[in-house]
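In: need a structure here:
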Amino acid sequence: MLETAHPLAHLVPQDFFLDDYISRVLPGGVSDLDTIDEARAIKHNVLITGPTGSAKTTLVYAAAARAGLPVVNVPCNGAAEPRQFIGGWTPQPDGSFDFVPGDLVLAVQHGGIIYLDEVNMLPPKIAAFLHGLLDRRRTLTIPEASGSSFDTQVRAHSDCQVIGALNPAYHGTRPLNQAFRNRYAIKIDFPYLKEVESHLLVSGNLLELADALRLRFDVGDLTTPVSTNMLLEFEEFAHNDNLGFDFAVANFIGAFTNEEQTVVQEVFGLVADNIRGDLFEIVEDDASEGGE
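Out: Coordinates of the predicted model:
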């Protein structure tokens with residue numbers, strides 16, 4: 001748990017991340033949240049691999065909320081510059097300059113989860129900077145701080161944890177360097193899971209539609225994945241009085257490429273009435289019960 005004066009207390013996720021999260025049991029019978037907790041306790045990094053929208057990020061934020069730890073989200077893209085999260089020399093009130101640590105360094109120093117989202121897009125210059133933190137040294141070396149009042153080496157706090165997440169099918173990514181991958185002792189496979197989605201969604205027919213489209217994705221007929229978030233947003237928009245079911249359908253189909261939309265529209269047309277019945281039969285039942 002956080003020390004009283006933790007400088008990143010504002011980055012601790014709110015309780016709803018945990019309250020709304022549907023935990024899943026991993027192979028071996030251990031829950032995903034317990035796995036994250038135990039990895040932190042034994043000081044091992046975690047790599048979560050799964051398709052877009054499968055709740056990888058939600059798992060990280062739920063785990064952080066449960067532990068009361070901040071999450072420092074490190075941007076893993078070509079435009080990322082170390083100074084953004086490592087820190088740099090900054091003017092002081094007396095007119096001098098000193099090194100001021102960024103959020104990543106503060107999480108190492110005081111405890112927190114460092115989240116490398118889409119880690120297979122991380123530029124090599126930043127990956128190399130993290131090597132000492134990811135191996136058994138658990139030490140961050142900051143040459144930029146040389147000559148400042150801040151230490152050039154920061155030993156990781158016992159509550160510091162590094163979690164990487166990646167979607168291997170994401171366009172623009174590259175295979176994770178094997179040396180870098182080996183620094184994650186605990187690897188979690190995080191696919192779309194029907195048991196989880198059935199708890200989150202009202203419509204069983206919408207789940208069947210997702211299954212059919214995902215099969216087409218798997219064989220290469222579609223290039224747009226059907227994420228859990230897409231399904232949740234569909235039901236949200238369908239029940240919105242200012243948007244409605246027809247908007248939800250059009251918005252869902254619009255998420256696919258122009259070439260794919262005709263196919264998706266045809267598949268959707270076969271089950272649209274069943275999905276509508278799933279969603280609004282419950283609303284009508286609730287309304288009739290309220291009138292008794």
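
In: Please count neighbours and contacts with C-alpha atoms only from this point.
Out: Fine.

In: show me the contacts for the residue nearest the centre of the chain.
Out: Centroid check for the chain by Cα atoms, centre = their mean gives T57 as the closest residue, at 1.5 Å. Counting by Cα atoms under 8 Å, 6 or more residues apart in numbering, T57 touches 117, 165.

In: how close does it sit to L11?
Out: For T57, the distance to L11 (Cα to Cα, to the nearest Å) stands at 14 Å.

In: Same check on R66?
Out: Per Cα to Cα, R66 is found 13 Å from L11.

In: quick one: low-confidence parts of this protein?
Out: 1-4, 78-80, 169-175, 282-292 (pLDDT under 70).

In: Helices along that one, start to end?
Out: 16-19, 32-41, 56-67, 82-86, 103-110, 124-134, 178-181, 194-200, 204-218, 228-238, 245-254, 258-290 (DSSP state H).

In: For H157, which of those is the nearest?
Out: Nearest of the helices of the chain to H157, taken as Cα to Cα: helix 103-110 at 5.5 Å.

In: Outside of the closest one itself, list whatever touches it.
Out: With Cα under 8 Å, 6+ apart as the contact definition, helix 103-110 has outside contacts at 3, 6-8, 70, 72, 74, 85-87, 113-114, 140, 154-157, 159-160.

In: at 10 Å what do you get?
Out: Outside helix 103-110, the residues that touch it by Cα atoms under 10 Å, 6 or more residues apart in numbering are 2-3, 5-8, 11, 69-74, 82, 84-87, 100-101, 111-115, 133, 138-142, 154-162.

In: relative to helix 124-134, how tilted is it?
Out: Here the directions of helix 103-110 and helix 124-134 differ by 10 degrees (axes from the mean of the first three to the mean of the last three Cα atoms, to 10 degrees).

In: on that earlier part again, mind checking which of the contacts of helix 103-110 are in strands?
Out: In this view, those that belong to strands under DSSP state E are 71-74, 87, 100-101, 112-115, 139-141, 154-155, 160-162.

In: so V162 touches H131, yeah?
Out: No. Judged on Cα atoms under 10 Å, V162 makes no contact with H131 at a distance of 11.3 Å.

In: With neighbour numbers in mind, choose between these two.
Out: Between V162 and H131, counted using other Cα atoms under 10 Å, the more crowded position is V162 (24 against 18).

In: and that one, what is it in contact with?
Out: Contact analysis of V162 by Cα under 10 Å, 6+ apart lists 39-40, 43-47, 71-72, 107-108, 112-116, 130, 133-134, 184.

In: Having no further points to raise, I will conclude here.
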